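Trainee: predicted structure and sequence below. I'll ask about it afterward.
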Amino acid sequence: MKIKFVLPLFILGLANIVYGQSDFKNLKVLDPKIEESELKLLMKSYAKSLGVKCTFCHVRDAFHKDDKEHKLIARKMIAMTAGIRADLKEIFPKKDLSEKFNCAVCHAGSADPEWAEAHLIR
């Protein structure tokens with residue numbers, strides 16, 4: 001009887017490993033198979049690049065919720081950054097500059113970069 005119960009759990013656990021299922025909810029622009037350690041590192045880099053804390057974009061203890069406008073903006077910015085990286089790879093195939101382009105290039109530790117307000121937003 002014990003084997004009948006344990007075996008399905010083992011198969012389910014193995015399937016999660018093989019197919020990369022994660023417990024993360026509501027990942028829309030990031031890879032849903034992302035490792036927890038990689039996701040945490042990425043989120044910390046976003047926070048540092050913008051000089052903010054997690055709650056700037058996320059609801060405390062409910063990170064999956066889309067209640068904050070900054071989270072929706074962040075998704076657009078992540079997609080924009082991915083597009084710029086792809087363009088850099090295409091334009092400069094011998095020099096992989098794409099990994100050097102990230103949020104900090106424009107934001108430089110500020111959620112509202114002064115240069116953007118001075119030159120882009122009028």
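Mentor: Now that the structure is in, tell me what you want to look at. Numbering: from 1, shown residues only.
Trainee: contacts, neighbours, all on C-alpha from now
Mentor: OK.
Trainee: tell me where this structure has helices.
Mentor: Using DSSP state H, the helices of the chain run over 2-19, 36-50, 69-91, 103-107, 114-119.
Trainee: and the shortest one, what's buried?
Mentor: The one in question is helix 103-107. Going by neighbour count (16 or more other CA atoms under 10 Å), the buried part of helix 103-107 is 103-104, 106-107.
Trainee: equivalent analysis for the longest one, please.
Mentor: Taking 16+ other CA under 10 Å as the basis for neighbour counts, the residues of helix 69-91 that come out buried are 71, 78, 81-82, 85, 88-89.
Trainee: now for these: which two are most distant?
Mentor: Taking CA to CA, the two most distant members of those are K71 and K89; they sit 27.1 Å apart.
Trainee: just confirm F101 contacts G83, I think it does.
Mentor: No: F101 is beyond contact range of G83, at 10.7 Å (criterion: CA atoms under 8 Å).
Trainee: ok, back up a step: need the buried residues of helix 69-91 in CSV (columns: distance to A118).
Mentor: Listed next are those as CSV, based on distance: CA to CA, whole Å:
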residue, distance to A118
K71, 24
I78, 22
T81, 21
A82, 25
R85, 25
L88, 25
K89, 29
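Trainee: want to throw those into CSV with distance to F24 and pLDDT?
Mentor: Formatted as CSV, the buried residues of helix 69-91 follow (distance: CA to CA, whole Å; pLDDT from 0 to 100):
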residue, distance to F24, pLDDT
K71, 15, 97
I78, 18, 95
T81, 22, 94
A82, 21, 93
R85, 25, 91
L88, 30, 90
K89, 30, 90
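Trainee: flag every buried residue along stretch 30-37.
Mentor: Of the residues in stretch 30-37, 32-33 count as buried by neighbour count, 16+ other CA under 10 Å.
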